[in-house]
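In: Quick one: sequence and predicted model below, then my questions.
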Amino acid sequence: MNKIMYLEFERCIGCRACQAACRECGDHDAKERNYVDYIDFTESRQTFPMICMQCKDPACARVCPANAIQITEEGVVLSAMEEKCIGCRNCTFGCPFGIPKFDFEKNKMYKCDMCYDRTREGISPMCASVCPSDAIRFIDFDEMQELRRRRVQMNLIEGKKPMEGNKWEYVPEFFGVYSDS
Amino acid sequence: MSQFLVKDGVKNQIRKGEKLVTTHCCYCGMQCGMHIRVNEKTNKVVGVEPRYDWVLTRGKMCPKGVTAYQTIDHPDRIKRPLIKKNGKFIESSWEEALDLIQSKFLGLQNQYGKDSIGVYGGVSMTNEKCYLVGKYARVGLGTRYIDYNGRYCMSSAAGGFNKTLGMDRGSTLPWTELEHTDCFFMAGSNTAECHPTSIQWFWKAKDKGAKLIVADPRETATARVADVHLDLLPGTDSALANGIMHLLIEHDYVDHGYIASRCNNYAELKEMTAKFTPAYTSEITGVSEEKLIKAAHIFGQSPRSVVMFARGAEQQTKGVDNVSLYTSMALLRGQIGKFASGVATFTGQGNGQGGREHGQKADALPGYRKIANPKDREYIAKVWGIEEKEMPQEGVSAYEMFHLMEAKKIRALHVICSNPVVSSPNINYVQKALESLDFLVVNDFFLSETAELADVVLPAVTWAEDEGTTTNIEGRVIRIRKVVEPLGESKPDWEIMQLIAERMGKGEFFPYKEPREIFDELRIASKGGKADYYGITYEKIDDQEGVFWPVPEENHLGTPYVFTERFATEDGKANLAVCDWKEPGEVTNSNYPLWLTTGRVVFHYLSGNQTRRVGFLMEKCPEPFVEIHPELAGEYGIADGERVKLSTPRGVMELPAKITKAIRKDTLFVPYHWGKEMSANQLTSPALDPFSRMPEFKVCAVKLEKLSNRR
């Protein structure tokens, strides 16, 4: 898989289509595995999406005593295997991004698997497919590199850095994972 | 023919044992492309798949769109006709329901005349159905009283466009071009929540450096990303537009060549806007002079700009003025009829565009013809096969129909695809008016608040159980496919109208076997009108990814841009708006010291009859709330989440407070998607625009109270 999940937090319009769509993925059991949160609703309507970072050496898998969290050859960190997960919730404490969710009824963890049934075929995951604002994208490595260069260029032109206490320009700039600042 | 359309090289996930049917969403005017997943064995709808290659929305959907399929096989669906007996609904056969309707309708008409029955339509349905509602009322029932929920939605935009440009097509350009626009001036539209998939085009343009100016009392998700947010007081759009035009003239951003050759009234406009100095405009609108000046310079200097507006500007007693003035801003800059520039309104309902073109409105006949125009009457009478003198005269607007019900002039009502007891202003009154009817028939697939009041509820089908066309936000006619067979005994609205018309002895005028036959009749009925569909066929829609009207000839490809050469007015010139600012129908006073405005949230659609039954959407937004600025909340001692009381001269409601700085200090906001005691429309004002007869949902005076002793 040569594609990249690319997040641009400030583009998020808070519609939560990504969450509705997450439930539609075949392996997701109608439960969403991603998050959309307000930064501070009292201040502004700015929201941001969060999905699994698919870490290289994922803390969730490392702290799992049952070895229930598998990593595919492409590097996708899968949801806990039903038959192996012992419900200890170590993964939910271990993840630095607060991603894994816990199903208390089924006593098992579940998390974003990047819609593996879609992405292994090169089809965009549901969240990135539907995101109306392109806050979540599933794009080629080269496209991502171009976008990152463009961000620098736009900043040079626009000087868009937020000014402290200036409500009208309250945009958390470069909040993203692929940030250069 | 395959029901799954996809372009070469586009990959979709097709799971084993499933097929995809290509269609569009049922909700707003964006009409997002989607494929619906159907289990081939059970023939049940099982989910949704993005339609990546639909030209306008590219696979993107909002949470309503993603979950839309869940309404099709929903447990709340009405599967058989319901007749109210002793205050309770009893399931019955179609025969029994139609017998009852026949005897009531004929009985009332014999006693009180043809006009004792009213028809209340809607535009969240296909062109075929919307067209037929008009014919059903005039030919099937022979009544003059027909109007539709578009009166609350698009009528001011229509009025403003007709006045200035001579024709009402919601957008003068295709939206796929918006990425090339340099500046958007957006008034009274929270497009990020109300038309979420449109935001991709604004972001694309912004990525290239386009500027966004947003006029809204709230710092909406759209206003948040604007370069200038004009945080105006509700109901002051006409002052704002005059003020911006004053600055455009002062700084000579006017396209004089365009004005001279294509517009009337420039001298008068100049005179009218003279007094709207930044200081005067700022005094009325509450927007700082700096922001007005900044906005005018950005807008004035942009080579290609689009002025856009929505219900915020339109649902006012000055709705038509506001639309005319904002349209005039685009005219002053010489923008209309050119590439990536122009003017557009955000169509709220799925078929808000097509549904208002073909004669569902009290004064209209198909193709934007006028029922008061003898030539138009004659032409349509001929198409319908009736005598011109049999064609009823003009009726009254939606809200005014309730006055007639109260006055016992309208004694029976047939509501098709609408929920007026939630969506009307001042619903306490509307409910009483509906209760005073002798007989109420409602077509719906869920038991809406209006259906609850009915004597007979006829089970209609969802959008996925019938085929037809809709006309999207751009004026592009697109195709809705039938995905599954109707659930239970439910029937499409066109068939229901046909059955009742037969019972009224008018069956010969409704000989349709499928929607395509209705569309073919609509093509002829609209031929030669302003909204000319004559050259549109289902096949052409598939081949061309939709067809923009007008399409006057069979071999015509459609009209993506309108007004490139001339406007649709009599002299071919646009009429610049010369309108002064006027106060709203209701203003704040010592009893009701704050402003109230209403609107949508991203999770719900219109009266919520569909979206309030979808699990995901209800989890995210289960109840209405009131947005309050923290400074105002401080004055009243209100904490976040605390229940408060709102009252206007028309009604009272209690709801939780949401505290945010993203709203003006003197304004409260409540979303309107709920019914009964949770309805914001208990509070809203029924003051009507004198021209469009659209109610002033967006502005009224309100009192806020803390519920000190209760939680």
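Out: On my side now, so go ahead.

In: When you work out contacts or count neighbours from here on, use the C-alpha atoms and nothing else.
Out: Fine.

In: Which secondary structure element is home to A:Met5?
Out: In this assignment (DSSP states H and E), A:Met5 forms part of strand A:3-7.

In: what's the answer for B:Tyr120, then?
Out: Short version, using DSSP H and E: B:Tyr120 is in strand B:117-121.

In: Same question for B:Ser282.
Out: helix B:278-285.

In: Give me the contacts around that helix.
Out: If you take C-alpha atoms under 8 Å, 6 or more residues apart in numbering or on different chains as the criterion, helix B:278-285 is touched by B:232-233, B:236-237, B:239-240, B:242-243, B:247, B:287-289, B:292-293.

In: just stretch B:427-437 next, same as before
Out: B:402-403, B:405-406, B:408, B:410-413, B:420-421, B:424, B:440, B:453, B:650-651, B:681-682.

In: Which residues are in contact with the residue nearest the centre of chain A?
Out: Geometric centre of chain A, nearest residue: A:Ile51, 1.8 Å, by C-alpha atoms, centre = their mean. The contact partners of A:Ile51, by C-alpha under 8 Å, 6+ apart, come to A:33-35, A:99, A:112.

In: just B:Glu449 next, same as before
Out: B:419, B:421-422, B:675-676.

In: Could you do A:Ala61 as well?
Out: A:67-70, A:91.

In: domain parsing for chain A?
Out: Using automatic domain parsing, the domain parsing of chain A gives A:1-50+A:122-181, A:52-111.

In: for chain A, what spans make up the helices?
Out: Taking DSSP state H, the helices of chain A run over residues A:17-22, A:59-62, A:90-94, A:116-119, A:126-130, A:141-158.

In: picking that back up, show me which pair in the contacts of helix B:278-285 is furthest apart.
Out: B:Leu233 and B:Leu247 (19.7 Å; C-alpha to C-alpha).

In: thinking again about what came up before, out of the contacts of A:Ala61, grab the one that's most surrounded.
Out: A:Cys91 (27 neighbours; other C-alpha atoms under 10 Å in any protein chain shown).

In: Name the nearest residue to it, sequence neighbours excluded.
Out: Nearest non-adjacent residue to A:Cys91, counting by C-alpha to C-alpha, 6 or more residues apart in numbering or on different chains: A:Cys60, 4.1 Å away.

In: Now do the contacts for that neighbour.
Out: A:69, A:90-92, A:94-95, A:100 are the contacts of A:Cys60 under C-alpha under 8 Å, 6+ apart.

In: Please apply the same query to B:Asp115.
Out: Contacts of B:Asp115 (C-alpha under 8 Å, 6+ apart): B:109, B:142-145, B:409-410.

In: can you redo those residues as CSV with distance to B:Gln70, secondary structure and neighbour count?
Out: Listed next are these as CSV, based on distance: C-alpha to C-alpha, whole Å; DSSP: H, G, I helix; E, B strand; the rest coil; neighbours: other C-alpha atoms under 10 Å in any protein chain shown:
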residue, distance to B:Gln70, secondary structure, neighbour count
B:Gln109, 40, helix, 19
B:Gly142, 38, coil, 23
B:Thr143, 37, coil, 25
B:Arg144, 37, coil, 24
B:Tyr145, 35, coil, 29
B:Lys409, 40, coil, 18
B:Ile410, 37, coil, 28
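
In: about what we covered before: the strand holding B:Tyr120: what's the following helix or strand?
Out: The helix or strand immediately downstream of strand B:117-121 is helix B:127-135, counting by DSSP H and E.

In: which residues touch the closest residue to chain A within the stretch 251-400 of chain B?
Out: Closest residue of the stretch 251-400 of chain B to chain A, C-alpha to the nearest C-alpha: B:Lys291 (10.8 Å). Residues near B:Lys291 by C-alpha under 8 Å, 6+ apart: B:228-230.

In: What of B:Thr164?
Out: Applying C-alpha under 8 Å, 6+ apart, the residues contacting B:Thr164 are B:324, B:327-328, B:574-577.

In: got any ranges where chain A has weak pLDDT?
Out: Counting by pLDDT under 70, chain A has low-confidence residues at A:1, A:152-181.

In: Can you pull the residues of it lying near chain B?
Out: A:11, A:13-21, A:24, A:41-46, A:118, A:123, A:129-134, A:154, A:168-171 (C-alpha under 8 Å from any C-alpha of the partner chain).

In: Buried ones among those residues?
Out: A:11, A:13-21, A:24, A:42-46, A:118, A:123, A:129-134, A:168-171 (16 or more other C-alpha atoms under 10 Å in any protein chain shown).

In: Dump stretch A:130-140 to CSV, restricted to CA.
Out: Output in CSV follows, covering the C-alpha atoms of stretch A:130-140 (Å, rounded to 0.1, in the frame of the first residue of the first chain):
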residue,chain,number,x,y,z
VAL,A,130,-16.9,10.9,2.5
CYS,A,131,-15.1,13.7,4.3
PRO,A,132,-16.7,16.7,2.6
SER,A,133,-13.8,19.1,3.5
ASP,A,134,-10.9,16.9,2.7
ALA,A,135,-9.8,17.1,6.3
ILE,A,136,-9.1,13.4,6.0
ARG,A,137,-7.6,12.2,2.7
PHE,A,138,-6.2,9.0,1.4
ILE,A,139,-3.6,10.0,-1.1
ASP,A,140,-0.4,9.0,-2.8
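
In: Run the chain-centre distance for it.
Out: Its chain's average C-alpha position is 11 Å from that of stretch A:130-140, according to C-alpha atoms, centre = their mean, to the nearest Å.

In: Contacts made by that stretch with the rest, please.
Out: Taking C-alpha under 8 Å, 6+ apart as the rule, stretch A:130-140 contacts A:2-13, A:17-18, A:21, A:49, A:124-125, A:127-129, B:50, B:59-62, B:196-200, B:203.

In: Please apply the same query to stretch B:615-627.
Out: Contact partners of stretch B:615-627, identified using C-alpha under 8 Å, 6+ apart, comprise A:20, B:63-64, B:67, B:603-604, B:611-612, B:655-660, B:663, B:668-674, B:678-679.

In: does the residue of the stretch 251-400 of chain B closest to chain A sit in a helix or strand, and which one?
Out: Per DSSP H and E: helix B:289-301 holds B:Lys291.

In: Could you do B:Met186 as well?
Out: Counting by DSSP H and E, B:Met186 is part of strand B:183-187.

In: Quick one: work out the angle between that strand and helix B:289-301.
Out: Interaxial angle of strand B:183-187 relative to helix B:289-301 (axes from the mean of the first three to the mean of the last three C-alpha atoms, to 10 degrees): 130 degrees.

In: send the alpha carbons of strand B:183-187 over as PDB?
Out: Provided in PDB are the C-alpha atoms of strand B:183-187 (Å, rounded to 0.1, in the frame of the first residue of the first chain):
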ATOM      1  CA  CYS B 183     -14.000  35.500  -3.900                       C
ATOM      2  CA  PHE B 184     -17.200  34.200  -2.400                       C
ATOM      3  CA  PHE B 185     -19.600  36.600  -0.700                       C
ATOM      4  CA  MET B 186     -21.900  34.300   1.300                       C
ATOM      5  CA  ALA B 187     -24.800  35.800   3.200                       C
END
